[in-house]
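> below is the structure, and that's it, no one-letter string:
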């Protein structure tokens, strides 16, 4: 018995546990010509970049000092880091509460910038009558967001 039918059955069974709308959209996109064209183009660009890099480094790619640089460049071309400005990302949000905004900022500061713990204070001036400003101060850790993400994955 071939392992392909077994793998297909397992993948279809896994799809039953996923969101039905997402599964439908993924199946439709995988069948589309646009996906096939984009994927083939991506493969050709990756192949061309690999061949170009190998020809530029020559015989020293396996044993020479240029191999490390080649593979670092190869990694960053395929997994580019996010250099977007955190301030622009915060300004682009539309959170309804200062608590949600503070949590979003804390996630950026801990998860993306590698801080173990952060304290974030968000204030909204003139939010309430007869009060100069209303705000919230929260302290969050990497462990908090890791736990939150794992709970989200269990629900999905």
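That came in fine, so what should we check first? Just so it is clear, the structure is predicted and the values come from calculations on it, not from any experiment.

> for the residue of the chain most remote from its centre, give its distance to residue 124.
Computed with CA atoms, centre = their mean, the residue of the chain farthest from its C-alpha average is residue 130, at 42.7 Å. Separation of residue 130 from residue 124 (CB to CB, to the nearest Å): 15 Å. Backbone N, C-alpha and C define where each C-beta goes, glycine included.

> residue 140 in helix, strand or coil?
Here residue 140 is recorded as strand under DSSP: H, G, I helix; E, B strand; the rest coil.

> oops, could you answer that again for residue 134 instead?
Assigned by three-state DSSP, the conformation of residue 134 is strand.

> and the pLDDT at it?
In this prediction, residue 134 carries a pLDDT score of 79.

> can you name the residues bridging to it?
Beta-bridge partners recorded for residue 134 (DSSP bridges): residue 124.

> correct me, but it touches residue 128?
Yes - in this structure, residue 134 is within contact of residue 128 by CB atoms under 8 Å, at 5.3 Å.

> what residues sit buried inside the longest helix along the chain?
Assignment by DSSP state H gives helix 33-57 as the longest helix of the chain. Residues of helix 33-57 classed as buried by neighbour count (16 or more other CB atoms under 10 Å): 53, 57.
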